[in-house]
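Chemist: please find the sequence and the predicted model below.
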Amino acid sequence: MATNESVALLIIGSHRSGTSATTRVLNLLGVDLGGGLLPPAPDNEYGFWEHRVIFDLHERLLRDLDSSWHDVRPLPENWHKSAAANGYRQELASILRREFLGKPLWGFKDPRLCRLLPLWLDILTELRIEPRFVITVRNPLEIAHSLQTRDRFGLARSILLYLDNTLEALARTKGRPRAFVSYSALLDDWESVVKSVASKLRVEWPVAPASKREEIERFLRPSARHHVFSEQDLGRHPELLAWASELHAALTDASEGRTARIQRVTRAVRQKWLSASSLFVPEIDRLHDEKDALSSRLDKAAARIAELTKEHEGLRALKEASDRDAAELSGQLDRMSQELAAKRKDASLRDAVDELEGQCSSLEDRVTEERERNRRLQSGCADLGALGEKLREELQQSHLEQVRLQRKVERANEELQKVQTHLTSILSSRLYRWTRRPRQIWYRLKGEV
């Protein structure tokens, strides 16, 4: 078919097979990935490098087909021709026209492309674009352990998903320009890998690889590879990995330029896969039916929970309103209690004031009495003072009189002494002795003896 001048690279491969790392390297070499890429996430800290809108449309489309990225059941026959798919076809074609057509080299990646290629091939044919495919190759055990770490998938489920994605990609790209990129080789010698891709797909990188060597090698740090297994490790699980091991060996050869057996191995493994599908797909359908029934019950339960939650929220709102009313009433009660206490306090204060006023009146009476008593005492004290002053004066006069009397006594004593001396002189005189007898007779006569 005739094509326009745009070259489109579709990077496809199983989930966790190295599509993100491969896409980023090609992006650094000038492949335009469009705008609005998915941001990095904990399970892919260096970025997914996927177009966000295309990713969202892929998810919605699979959901509308009652499938998902991890579903290994075949999609409905001719699903890409359905009316439902037609709406997605128009949206995806609109994205390509708006963001990519006319650009010399562009591309996008999404592991979901492995299952959705029938729709994309119709879109690219309509737009007269011949796509060129980059198919990533990684040890299935590494893919399985990466899925186990990220999604908690068991080994069997991961290998089934790997086989379904890889076989779909190989079948849909048969006869079209494609290059196989080994994830291990990309980490070990990325320059040889991109040179091989450019040669096989007949493209020229807009940016010289040598100019991006430091940035690419910093991006492809070995620590980004968390799960490493050898080809020998695949042989330790023959009951489960025989088909995966056989397919991986052919893909590894193809990534190294040995493509002789890729078609034969793909055909043989695909035939085994389709035969086995008749056995496990009905069981998967049954499990999906059970899952749908459980999902329906869960949806009903979720709806009931939502109703109960709404009722609970209503009750909680009522309770909060009741709590607010109770708090307000409690506040009013507290205020009323305080007012009542204040009134009671005022009443008791009034009683106390009345009592104190009575006591004060009594005290005033007592004070008046005391003042009167004090006045009388002061008056008595004044009288006593005057009497005391009078007595002091009389005492002083008495003292003076006593002094005068003392002096009189002293003079009398002196006179008496003189008399006694004179008397003694008389009594001791001869005359007194000579007159003794006559005196005795005279005293008898006087009756004084």
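Modeler: Happy to help now that I have it.
Chemist: not counting stretch 206-213 itself, show me its contacts.
Modeler: 28-31, 104-105, 191, 194-195, 216 (Cβ atoms under 8 Å, 6 or more residues apart in numbering). Just so you know, the C-beta spots here come from the backbone N, C-alpha and C atoms, and that holds for glycine as well.
Chemist: now do 10 Å
Modeler: Stretch 206-213 is contacted by residues 25, 27-32, 104-105, 190-191, 193-195, 198, 205, 216, 219 when judged by Cβ atoms under 10 Å, 6 or more residues apart in numbering.
Chemist: mean confidence score for stretch 69-81?
Modeler: Stretch 69-81 shows a mean pLDDT of 93.
Chemist: so which of the contacts of stretch 206-213 sit within helices?
Modeler: 25, 27-28, 190-191, 193-195, 198, 216, 219 (DSSP state H).
Chemist: what are the ranges of the helices in the stretch 1-150 of the chain?
Modeler: Assigned by DSSP state H, counting those that start in this stretch, the stretch 1-150 of the chain shows helices spanning 19-28, 52-64, 83-99, 113-126, 140-151.
Chemist: just send these back as CSV, with mean neighbour count too.
Modeler: Shown next, in CSV, are the helices of the stretch 1-150 of the chain (neighbours: other Cβ atoms under 10 Å):
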stretch, mean neighbour count
helix 19-28, 23
helix 52-64, 17
helix 83-99, 15
helix 113-126, 20
helix 140-151, 21
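Chemist: nearest to residue 306, out of those helices?
Modeler: Of all the helices of the stretch 1-150 of the chain, helix 52-64 sits nearest to residue 306, with 21.5 Å by Cβ to Cβ.
Chemist: ok so, going back, just the buried residues of the ones in helices among the contacts of stretch 206-213.
Modeler: The neighbour-count criterion (16 or more other Cβ atoms under 10 Å) marks 25, 27-28, 190, 193-194, 198, 216, 219 among these as buried.
Chemist: so which pair among the residues you listed is furthest apart in space?
Modeler: Farthest apart among these by Cβ to Cβ are 198 and 219. That separation is 18.8 Å.
Chemist: next SSE after the lowest-mean-pLDDT helix or strand in the chain?
Modeler: Lowest by mean pLDDT, DSSP states H and E among the helices and strands of the chain is helix 231-234, with a mean of 64. The helix or strand immediately downstream of helix 231-234 is helix 238-255, counting by DSSP states H and E.
Chemist: may I have that next one as CSV, with CA atoms only?
Modeler: As requested, the backbone C-alpha atoms of helix 238-255 are provided in CSV (Å, rounded to 0.1, in the frame of the first residue of the first chain):
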residue,chain,number,x,y,z
PRO,A,238,9.7,-28.3,32.0
GLU,A,239,6.2,-29.1,33.0
LEU,A,240,5.2,-25.5,32.9
LEU,A,241,7.8,-23.6,30.9
ALA,A,242,8.5,-26.0,28.0
TRP,A,243,6.5,-23.9,25.5
ALA,A,244,7.8,-20.7,27.0
SER,A,245,11.4,-21.9,26.9
GLU,A,246,11.1,-23.1,23.3
LEU,A,247,9.5,-19.8,22.2
HIS,A,248,12.0,-17.7,24.2
ALA,A,249,15.0,-19.5,22.6
ALA,A,250,13.6,-18.8,19.1
LEU,A,251,13.0,-15.1,20.0
THR,A,252,16.6,-14.9,21.4
ASP,A,253,17.9,-16.2,18.2
ALA,A,254,15.8,-13.7,16.2
SER,A,255,17.1,-10.8,18.4
